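# sequence and predicted structure, then a few things I'm wondering about:
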Amino acid sequence: MSLGEKANNVAFSSMLLSVASMRKADELTISYGAPGIELMEQAGRGVAEKIMQIFPTHTKVLVVCGPGNNGGDGFIAARILLENSYNVMVALLGVADDLKGDAAEAAERWAEPMFSVGEINLEEFDVVIDALFGAGLNRPLDGEALDIVERINAAGKVIVSVDIPSGISGDTGAISGEAVRATHTVTFAAYKPGHFLYPGAAYVGELSVVDIGISPQTIEQVHEGLFANGPGFWQEALPQLEYGSHKYTRGHALVLSGGITATGAARLAARGALRIGAGLVTIAAPPVSVPIHASQLTAIMLREMASVDDLNGIIADKRFNAVVLGPALGVGNGTQELVAAVVKAGRPIVLDADALTSFAGSLDTLARLTEKTDTVVTPHEGEFFRLFNNENEILKGFSKIERAKFAANYLKATVVLKGADTIIAAPDGRVCINTNGTPLLATAGTGDVLAGMIGGLLAQGMSSFEAASAAVWLHAEAARNFGPGLIAEDVPEMLPTVLHKWHVS
Ligand SMILES: NC(=O)C1=CN([C@@H]2O[C@H](COP(=O)(O)OP(=O)(O)OC[C@H]3O[C@@H](n4cnc5c(N)ncnc54)[C@H](OP(=O)(O)O)[C@@H]3O)[C@@H](O)[C@H]2O)[C@H](O)CC1
Ligand SMILES: [K+]
């Protein structure tokens, strides 16, 4: 696929750029002959056009500009709005004479008066454009910078942030002191990780990206393997139903069940695997649990598993081509042995919950297993800490992305580090940041469903990183489609609606 085609391919639009790679893209584009002020003109125009799309010309707009190129974008946006008969004023944090380079040129092109942020009464305006800080934020806001951000937040106006809400780190989403709570954020060329990582994700408001003349080739060239999760990223990798499909071509997922008081988790996982499209799903359960399952299963099949030998007997059948272990399986050596048996059989596996906690304190034992077969592990923060707390010295100060990458490399597995901003990290260094997280999922059993959904996609032959990314996004989308009152049992049943809405098979 040529880069040009790639640019149209939605997966391309999923590429995220770090602040450093964005700066490199900027420099490369300028070195190819596009003057920086031209990029700034297009950035400022993108912001102005967002305002003109939403607000009528009599809207009173205040552009608050910072001391750098983020402020430069603001001057351009102000001039273009004025040229389109908008009622615009500009307030500057700092001194116009200190402006340098493209920002100074942009200020030159704003031929109207410039006020200081101290002179401005925010009450007089309808919309505030936050052009204070963007990629160049390098320390917590204080003094006048903090004061104007607090005043902007307190004014209760519509706020459009340029590139990233001022005070938010473009790379981590962390807040430096305080940050602008934007209604809209307009960014350039590509989204940044800080747009999707909390708390930043809660400050951006409605997010949009505008092309400022940085070519797909350049973006591809500086891209460091960071992706925004969504259908655009994995849609092409999803198993497609063909006329020749029959249940065996759609794979056979096996879910291991816990004891008599903990059978629901396996049924939730199994249902998730079936609904996401696995042709067949079987639960392997200890004898005491068999009658419980038998009375509640219909399309999902059931096998008795009294011992590891029984499990070996079951997975000797090569048609079982993905295994989900963990949901309420029990914590201890028994579970470690079940994991070892499935690894020996060489099938793709999903390790969740107890299958991870059983290895707390013996991370290397787990790593020696997970490196042997295609593995997805799905820890939430607590399980992650229990597994990696011996590595705490190394991980101290690591961002969420860096922790997920460390774990993926350590385990040679795809790591789904769950949370409001779930991170999916592949052993090869690629990282996918989820973009549709919802607190609706904070209810018992939704993690079991997710583990099953990943297993169901692995059973259909999808590779781990894409399968985990697709399952995470579809799982959250199903919850969003259901809405308040969601319980785990509802998630699999909402999948058909989501799969249909997003035209995925
Ligand atoms: N291709 C692109 O991405 C383009 C981006 N554009 C815009 O440029 C900004 C980045 O501009 P930059 O000048 O690098 O930095 P900022 O404008 O974000 O910050 C300005 C300066 O502010 C100072 N600073 C940083 N943090 C603080 C703080 N907490 N309090 C006070 N001052 C702060 C810092 O200077 P110092 O000398 O004080 O360190 C910053 O340099 C990007 O976000 C886009 O909006 C281009 O316009 C188009 C192409
Ligand atoms: K900003």
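Right, received. Where do you want to start? All values reported here derive from a predicted model rather than from experimental measurement. Numbers count the residues shown, from 1 in each chain. Ligands and ions are numbered 1, 2, ... in the order given.
# and this protein, what are its domains?
The chain breaks down into these domains under automatic domain parsing: 3-224, 234-501.
# quick check: G264 vs A444, distance?
9 Å (C-beta to C-beta, to the nearest Å). To be clear about C-beta, it is placed using only N, CA and C from the backbone, and glycine gets the same treatment.
# looking at those two, which is more packed in?
Set G264 next to A444 and count neighbours by other C-beta atoms under 10 Å: G264 wins out with 20 against 11.
# contacts only, for the more buried one.
By C-beta atoms under 8 Å, 6 or more residues apart in numbering, the contact set of G264 is A328, G445, D448.
# buried subset of those as a ChimeraX selection?
Of these, the buried ones go into a single ChimeraX selection, burial set by 16 or more other C-beta atoms under 10 Å:
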select :328,445,448
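# up against ligand 1, what does the stretch 51-200 of the chain have?
For the stretch 51-200 of the chain, the contact set with ligand 1 under C-beta under 6 Å from any ligand atom comprises 66-73, 133-141, 145, 162-163, 176, 188-189.
# try it again with 8 Å
Residues of the stretch 51-200 of the chain lying near ligand 1 by C-beta under 8 Å from any ligand atom: 66-73, 76, 93, 102-103, 106, 131-143, 145-146, 162-164, 166-167, 170, 176-177, 188-189.
# pull out the buried residues from the residues you listed.
Using 16+ other C-beta under 10 Å as the burial test, those include 66-73, 76, 93, 102-103, 106, 131-135, 137, 141, 145, 162-164, 166-167, 170, 176, 188-189 as buried.
# if we look at ligand 2, which of those residues are close to it?
G134, V162, S166 (C-beta under 5 Å from the ion).
# and the second one, how far is that from L274?
Right, V162. 47 Å.
# now E337: how far from L325?
Distance, E337 to L325, by C-beta to C-beta: 11 Å.
# hmm, I175 is touching S166, no?
No: counting by C-beta atoms under 8 Å, I175 sits too far from S166 to count as a contact (10.4 Å).
# so Y191 touches S208, yeah?
No: between Y191 and S208 there is no contact under C-beta under 8 Å: 9.5 Å.
# so the closest residue to T57 other than its chain neighbours versus I54, what's the distance?
Spatial nearest neighbour of T57, excluding adjacent residues (C-beta to C-beta, 6 or more residues apart in numbering): S85 at 4.8 Å. Noted for S85: a distance of 16 Å to I54, by C-beta to C-beta.
# now the one residue in the stretch 151-300 of the chain that gets nearest to ligand 1, nearest residue through space, not along the chain?
Relative to ligand 1, the nearest point of the stretch 151-300 of the chain is D163 (3.6 Å; C-beta to the nearest ligand atom). In space, and not counting its chain neighbours, D163 is closest to G134: 3.6 Å by C-beta to C-beta, 6+ apart.
# tell me the contacts of the one you found?
Applying C-beta under 8 Å, 6+ apart, the residues near G134 are G68, N69, N70, D73, V162, D163, I164, S166, G170.
# if we can go back for a sec, can you redo the ones next to ligand 2 among the buried ones among the residues of the stretch 51-200 of the chain next to ligand 1 as CSV with pLDDT and secondary structure?
Output for these, formatted as CSV (pLDDT from 0 to 100; DSSP: H, G, I helix; E, B strand; the rest coil):
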residue, pLDDT, secondary structure
G134, 97, coil
V162, 98, strand
S166, 98, coil
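# which of Y191 and S208 has more neighbours?
Set Y191 next to S208 and count neighbours by other C-beta under 10 Å: Y191 wins out with 26 against 16.
# just the element for that one, please.
Using DSSP states H and E, Y191 maps to neither a helix nor a strand.
# give the contact list for it.
Counting by C-beta under 8 Å, 6+ apart, the residues that Y191 touches are L16, L17, L207, V209, A228.
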